[in-house]
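Asks: With the sequence up front, the predicted model follows.
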Amino acid sequence: MRPLFFAVLKYFAAGNEACRADVQAALAGEYSNFKAFKDKAMDEALMTACSNGLIDESRYELDDKGNLVIYYKSSQEGIDTINSYIAD
């Protein structure tokens, strides 16, 4: 099993566009019991990956409760970088 943050990056290296909730849904089977899997920690991980240029904010929406939902996607350069550091 990969570290959680590596699993998040590899999720985006597959070309997926996703918000935090999408990533959590995709990784819940293996990682839902991790402390860092909580909403705030996952938001921080996604923002860190974005700040480091591995993923980019791709769009924004408001959910049905009026909360901002940020979607992320990795560019081909980001995908190549992720794959060069994290093996399959």
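Replies: Here it is on my side, so go on.

Asks: Surely Y72 touches I55?
Replies: Yes - counting by C-beta atoms under 8 Å, Y72 touches I55, with 4.5 Å between them. All C-beta atoms are positioned from the backbone trio N, CA, C, and that covers glycine.

Asks: tell me, what's touching those two both at once?
Replies: 12, 46, 49 (C-beta atoms under 8 Å, 6 or more residues apart in numbering).

Asks: contacting residues for D22?
Replies: N16.

Asks: State the distance from it to F12.
Replies: 11 Å (C-beta to C-beta, to the nearest Å).

Asks: Can you list the buried residues in stretch 37-48?
Replies: Within stretch 37-48, the residues that qualify as buried are 37, 42, 45-46, counting by 16 or more other C-beta atoms under 10 Å.

Asks: now swap in stretch 63-78 and tell me
Replies: Neighbour counts over stretch 63-78 (16+ other C-beta under 10 Å) mark 71-74, 78 as buried.

Asks: For the protein, which segments are assigned as helices?
Replies: Using DSSP state H, the helices of the chain run over residues 4-13, 20-31, 39-51, 76-85.

Asks: what's around V8, how many residues?
Replies: 29 (other C-beta atoms under 10 Å).

Asks: Test my guess that it contacts Q24.
Replies: No - with contacts counted by C-beta under 8 Å, V8 stays clear of Q24, the gap being 9.5 Å.

Asks: Need the overlap of contacts for the two.
Replies: Residues touching both V8 and Q24 by C-beta under 8 Å, 6+ apart: M42.

Asks: Would you mind giving the shared contacts of Y72 and I55 as TSV with distance to S32 and pLDDT added?
Replies: Listed next are the shared contacts of Y72 and I55 as TSV, based on distance: C-beta to C-beta, whole Å; pLDDT from 0 to 100:
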residue	distance to S32	pLDDT
F12	19	97
L46	17	97
A49	20	97
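
Asks: Need the residues you listed in CSV (columns: distance to G29).
Replies: Output for the shared contacts of Y72 and I55, formatted as CSV (distance: C-beta to C-beta, whole Å):
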residue, distance to G29
F12, 18
L46, 19
A49, 21
